[in-house]
Structure formats: C-alpha cells, structure tokens
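**Student:** Compute the structure for the input listed below.
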Amino acid sequence: MPAKSENTKYFTYKGMPLVRSKNYIYFGDPSKTHIIFITILETNGENIPAKVSVELLLTDESLPPMERLLKRGEKSSLYEALDIGLIWLQRALK
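**Tutor:** Numbers count the residues shown, from 1 in each chain. Here you go, the predicted structure:
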C-alpha cells in the first residue's frame, strides 16, 4: 500500500483505517505488524458483496507472500468479513 502523508484522512471502521481499491479492501494500520486484506469474490445484482475472502497478513514486506499469510477464511457478506477481521486483528496486535 503506498505511503500517504500525515494529512490524508482515511475512512475508518471501529477506529481503524479502511481503504478500498476496486475489489480489494485493506483494513488496519499498515504501520502496525498486522493488517486485514479482504477480496470481494462475488457481488449480487446491486453490487453488494455476496462472497468475500478475508486474510490476516503480516505487514513485513521482507517475508515471502505465503509466509505473511496467517489466517484465511471466506464469508457471505462484507459485514461478516469485517467482523471476523476485526477480531483477528485485535488479537494479533495485543
């Protein structure tokens, strides 16, 4: 994720930055050790996510991609993905 100046404001959910780029959503502070990465796999007729993949990743870019992946799951809504992602993220950042 590109670095942003300190003046840039992000949309937040439960106090953590939430950034969307097409079908990808980054949730959490990239300067911390972990982040949630959500991929929208399917949408319904109204462009509402109907199937999403949620992953808990380490932010250490020196590691190979497969070693950065700590947890992965699929959910049937964006809300469910954010809900489980928040739990995973809070536990990982403790």
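**Student:** any idea how far L63 is from I25?
**Tutor:** 22 Å (CB to CB, to the nearest Å). Yep, even glycine has a C-beta here, placed from its N, CA and C like the rest.
**Student:** out of those two, which sits in the more crowded spot?
**Tutor:** Neighbours were tallied for L63 and for I25 using other CB atoms under 10 Å; the higher tally belongs to I25 (22 against 12).
**Student:** in the sheet, who's paired with that one?
**Tutor:** Under the criterion DSSP bridges, I25 forms beta bridges with R20, I38.
**Student:** and for the helix ranked longest in the chain, what are the contacting residues?
**Tutor:** Assignment by DSSP state H gives helix 78-93 as the longest helix of the chain. Under the contact criterion CB atoms under 8 Å, 6 or more residues apart in numbering, helix 78-93 has outside partners 13-14, 16, 18, 25, 27-28, 32-36, 38, 40, 48-49, 52-54, 56, 70-71, 73, 75.
**Student:** could you pull out the strands for the protein?
**Tutor:** For the chain, the strands defined by DSSP state E cover 11-13, 16-21, 24-27, 34-43, 49-58, 69-75.
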